[in-house]
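# Here is my input, please return the structure:
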Amino acid sequence: MDYEPVIGLEVHAQLKTKTKIFCSCSTRFGAPPNTHTCPVCLGMPGVLPVLNKQVVEYTLRMALATHCTINRESRFARKNYFYPDLPKGYQISQYELPIARDGFVDIEINSGKKRIGITRIHMEEDAGKLTHDPDRPLSMVDFNRTGVPLMEIVSEPDIRTPEEAGAYLRNLRAIVRYLDISDGNMEEGSFRCDANVSIRPKGAEAFGTRAELKNLNSFKHVEKALSFEIFRQKEILEDGGQIIQETRLWDPDKNRSTSMRGKEEAHDYRYFPDPDLLPLVIDDDWIDSIQNSIPELPDEKKKRFMDEYHLPAYDADFLTSNRELAGYFETCVKDFPNPKQVSNWVMGSLMGLLNVQGKSITESPISSKDLAQLLHLIDKKTISSKIAKTVFDEMAQTGRPPKEIVTEKGLVQVTDESAIKAVVLKVLQECSTEVKDYKNGKTKLFGFFVGQVMKETKGKANPKMVNEIVKKVLSE
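Numbering: from 1, shown residues only. Modelled structure (predicted):
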């Protein structure tokens, strides 16, 4: 039987506030264990939570950017369960009345655009973090993360392949980064995802029994875990078995998932409105002011890059995947108005350098101004493309501007026709045997002669002129 996967994703994005959602403790990552805590986030008796307004504003920004309907009144609820990293014995979240609902995100797939529905977006507090000792039956808990503000984005079950899931997640992460409401760092856990997966016979309308996958902390892990789970469920059904509704933990080292626990339903959490927090009421003026502050988003920017700069879809998609990268590109184009050439250097040499160094575009040792200056030197034929790569490497190492490097090292391109011809005549005279072979039909030697001339001039001769002069001299 041919089966169709049905996938829904629950994405948790940690919001970039300086303080937690219901208290003034710091949200800074990497502090010593249990140093960013207070009676409120530790759930001490008699304390009261106070809502961080910036958490609401950031969530509204995301809701508007993903075309959601804003609920003018929403409520916080207590999600009750016991776990050692949850000091209060409940998590403050939103349940029946979330802040936003019924949105969507468009993704690019092979067949074109596909719309993925968003069921709801709501706010909640994070739990703490357990660390398990590998050598002893001992676990330690760090409550620093307890109360850190999270925004949960729940998709409709509209995703059908692991690749679509990856595209959806990349799109969401790009949006939160453009809005500057989350750093989207999956490695540090500030952008994480749980996946609900089921399969059904192709053409069927009813959903199959689903499994929830946890511990998905990279796009690659998400796609691998989904592929594994789809395969696992198919094997069970084809062997005559039944899928059990459960939560499964993904093991990236073994590339497989293992059963963690039976899947809880909403009634298992005994949700009820939090008596310590008033209903959240949002007026139209606040929504309008936030709507007006939303910047150009990735999809809009990609379309503009293609229309304004005439870039291919691949280039535009790559350059707009990151707000800072898009900004670097546009700043460079202002100084050197040849978008495709700028794109080639940014996507090729610059990103290659940053990947090797493990740096982001904001940490680039080469500024957009200096890259534009280098491209001007190539365009004016002051240096050749080959020499430009040497200059680029020197710029990366020293941070010096290209003009200074070219002048100091004497790298200015030779464009004097008589000077190049003199070198060509010298090379051909020294390679008389090869010249005879060339004239007897071994035309592939042409590249050898050009290479020898470039070697003799230490790469400074204009390659186009070298080719023309070598061809002219050999034909005489």
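# what comes up buried for the lengthiest helix in the chain?
Counting by DSSP state H, the longest helix found in the chain is helix 219-238. By neighbour count on 16 or more other Cβ atoms under 10 Å, the buried set for helix 219-238 is 219, 221-230, 232-233, 237. For glycine as for every other residue, the C-beta is placed from the backbone atoms N, C-alpha and C.
# roughly how far is the helix or strand hosting Thr258 from the heart of the chain?
Thr258 belongs to strand 256-262 when assigned by DSSP states H and E. With Cα atoms, centre = their mean, to the nearest Å as the basis, strand 256-262 stands 28 Å off its chain's centre.
# one step back: tabulate the buried residues of helix 219-238 in CSV, adding columns for pLDDT and distance to Tyr328.
Formatted as CSV, the buried residues of helix 219-238 follow (pLDDT from 0 to 100; distance: Cβ to Cβ, whole Å):
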residue, pLDDT, distance to Tyr328
Phe219, 91, 23
His221, 90, 29
Val222, 93, 28
Glu223, 94, 28
Lys224, 94, 31
Ala225, 94, 33
Leu226, 95, 33
Ser227, 95, 34
Phe228, 95, 37
Glu229, 95, 38
Ile230, 95, 39
Arg232, 94, 43
Gln233, 94, 44
Leu237, 93, 50
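# want to throw those into a markdown table with distance to Cys431?
A markdown table is the format used below for the buried residues of helix 219-238 (distance: Cβ to Cβ, whole Å):
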| residue | distance to Cys431 |
| --- | --- |
| Phe219 | 54 |
| His221 | 57 |
| Val222 | 58 |
| Glu223 | 55 |
| Lys224 | 55 |
| Ala225 | 60 |
| Leu226 | 60 |
| Ser227 | 57 |
| Phe228 | 60 |
| Glu229 | 64 |
| Ile230 | 62 |
| Arg232 | 66 |
| Gln233 | 68 |
| Leu237 | 71 |
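# and which of those residues is nearest Asp317?
If you rank the buried residues of helix 219-238 by distance to Asp317 using Cβ to Cβ, Phe219 comes first, at 15.0 Å.
# how about Asp126, what does it touch?
Contacts for Asp126 were tallied using Cβ atoms under 8 Å, 6 or more residues apart in numbering; they are 12, 14, 145-150.
# re earlier: elements contacting the following helix or strand past the strand holding Thr258?
Sequence order places strand 272-273 as the next helix or strand after strand 256-262, per DSSP H and E. Secondary-structure packing of strand 272-273 (3 or more Cβ pairs under 8 Å, 6 or more residues apart in numbering; DSSP states H and E): strand 77-80.
# what separates the longest strand along the chain from the chain centre, distance-wise?
Longest among the strand segments of the chain by residue count, using DSSP state E, is strand 112-125. Strand 112-125 sits 17 Å away from the centroid of its parent chain (Cα atoms, centre = their mean).
# Buried ones in it, by neighbour count?
114, 116-125.
# of those residues, closest to Lys381?
Distance to Lys381 across those (Cβ to Cβ) is lowest for Lys114, with 46.8 Å.
# and the gap between the closest one and Val105?
Separation of Lys114 from Val105 (Cβ to Cβ, to the nearest Å) stands at 10 Å.
# Likewise for Tyr95?
With distances taken as Cβ to Cβ, Tyr95 is found 23 Å from Val105.
# Neighbour count for the two, which is higher?
Val105 (22 against 18; other Cβ atoms under 10 Å).
# ok, the residue nearest to Ile109 when sequence neighbours are not counted to Pro275 distance?
Nearest residue to Ile109, sequence neighbours excluded (Cβ to Cβ, 6 or more residues apart in numbering): Glu164, at 6.0 Å. Per Cβ to Cβ, Glu164 is found 41 Å from Pro275.
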